[in-house]
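[1] Structure for this input, please:
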Amino acid sequence: MWLETYIFVPDEIGLEILQALVDAATRGCDVVLLVDRFGAHKLRDKHVKPLRTAGGVAIWFNPLLALKPNSAKVSVFGAHRDHRKILVVDDDIAYTGGRNVGLEYVGAGPDSFYDVMVRVEGPAARDFAAVFLETLTDTCDVDRQLFDAGAPAGEVSVRVLQLDLRERVGELDHALADLVAGAQERLLLSTPYLMPPAPLLEAALSAARRGVDVRLLTCGRSDVPLVQYAGRRLYPILLEAGIRIWEHERDILHAKFFVADGRRTIIGSYNADRWGQRYNQEVAAEIESRELATGLAECFRRGATVEITKETIEAWPWYVPFFARLLWILSKILAPDASHRARRGEARS
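    Numbering: from 1, shown residues only. Got it, this is the predicted structure:
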């Protein structure tokens, strides 16, 4: 059992998952926990000590000081983060999506998140394991071997996509732009942080202008309010092109999925934003499945609580577009578009 996540909070849910990992290690499973040092800053050695005592491994990605066991510094300023969410179980099951580990991610507490995950079975599980092992090898000297691929679990096509511009791998960025550019009838785009790289934004605008029904779901409440307000800078541009916009206001939107023509989906950890593009390691699955697309369309429908129209924007106080523009400029300084750095890599399939 290999678990990689960005945030791991040692609250009620986090401790329950840690205990499940300890139990798995105790019964002889190979258990490796890989967490980002920044995202999992509340997770301490005392929390993972039982896992290590049971024979499991706990590793921090890119700590500021590489003085702990099974951790290694991989970038000088600590800006490069592991934002991936991967769980590999045995040899033929894997999960990915937007959920981290903590009470908020199961809908508990005042700041609960609206999120989605996907489970895949068969050879794609090995592909997720390969991505996990690449990060593991990059982080420390813990040695694990990649298992043989399991038998196909059905007729669904799955490609595992990565984004890591530190290694100049931008296949996930390219796949997203291709998905949007290739849509013929409808696009559903769900992202909590509306700072899309230029190729993705241009592809979405172009799709809408040629008659594709493009629908965007983004946050009405946000865990990063400054980014939320910066993203509103794009609302007039998107609406003018014919893109319909909804905000989710019940919880904090954290779901990242993209559906084209009711059959082709990309779902994973990537917010499709410039910050994630430039600074994060990301992973996603591109899946050809009408059943999955239908399920995500329902997630979109449930999440779309408030539609934003031109009348909505006209009713804003003067300072909303002013600060949106100011924060948009600041976001471009802190996270400039890095699309030119990406190269098309070979996706696993």
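[2] In three-state terms, label L172 for me.
    Of the three states, L172 takes helix according to DSSP: H, G, I helix; E, B strand; the rest coil.
[3] Tell me who's in contact with it.
    Neighbouring residues of L172 by CB atoms under 8 Å, 6 or more residues apart in numbering: L161, Q162, L163, I266, G268, Y270, E282, V283, A284. In this view, the C-beta of every residue, glycine as well, is placed from N, C-alpha and C.
[4] Try it again at 6 Å.
    Neighbouring residues of L172 by CB atoms under 6 Å, 6 or more residues apart in numbering: L161, Q162, L163, Y270, E282, A284.
[5] and if you look at E185?
    E185 makes contacts with D261, as judged by CB under 6 Å, 6+ apart.
[6] rerun that using 10 Å as the cut-off
    Going by CB atoms under 10 Å, 6 or more residues apart in numbering, E185 touches G211, V212, D213, A260, D261, G262.
[7] Can you select the buried ones from those residues in ChimeraX?
    Restricted to buried positions by 16 or more other CB atoms under 10 Å, the ChimeraX selection for the contacts of E185 reads:
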select :212,260,261
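[8] Which ones among the contacts of E185 map onto strands?
    Judged by DSSP state E, the contacts of E185 include D213, A260 as members of strands.
[9] Dump the contacts of E185 to CSV, plus distance to K46 and pLDDT.
    Listed next are the contacts of E185 as CSV, based on distance: CB to CB, whole Å; pLDDT from 0 to 100:
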residue, distance to K46, pLDDT
G211, 58, 97
V212, 52, 98
D213, 52, 98
A260, 46, 98
D261, 50, 98
G262, 49, 97
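[10] Can you show me the strands along the stretch 201-349 of the chain?
    213-219, 244-248, 252-253, 257-260, 264-268, 280-288, 306-308 (DSSP state E, counting those that start in this stretch).
[11] A20 contacts A54, correct?
    No: taking contacts as CB atoms under 10 Å, A20 lies outside contact range of A54: 11.4 Å.
[12] Look at these two and report which has more neighbours.
    Neighbours per residue (other CB atoms under 10 Å) separate A20 from A54, with A54 holding more: 17 against 13.
[13] what number of residues lie near the nearest residue to that one once chain neighbours are set aside?
    Residue nearest to A54 in three dimensions, not counting chain neighbours: A25, with 3.9 Å by CB to CB, 6 or more residues apart in numbering. Close neighbours of A25, defined as other CB under 10 Å, add up to 22.
[14] lowest-confidence helix or strand of the chain?
    One helix or strand of the chain scores below all others by mean pLDDT, DSSP states H and E: strand 71-72, with a mean of 52.
[15] Outside of the helix or strand that that strand is followed by itself, list whatever touches it.
    Next helix or strand after strand 71-72 toward the C-terminus (DSSP states H and E): strand 81-82. Outside strand 81-82, the residues that touch it by CB under 10 Å, 6+ apart are 4-6, 34-40, 60-62, 74-75, 135, 138-139, 164, 269, 275-276, 279-283.
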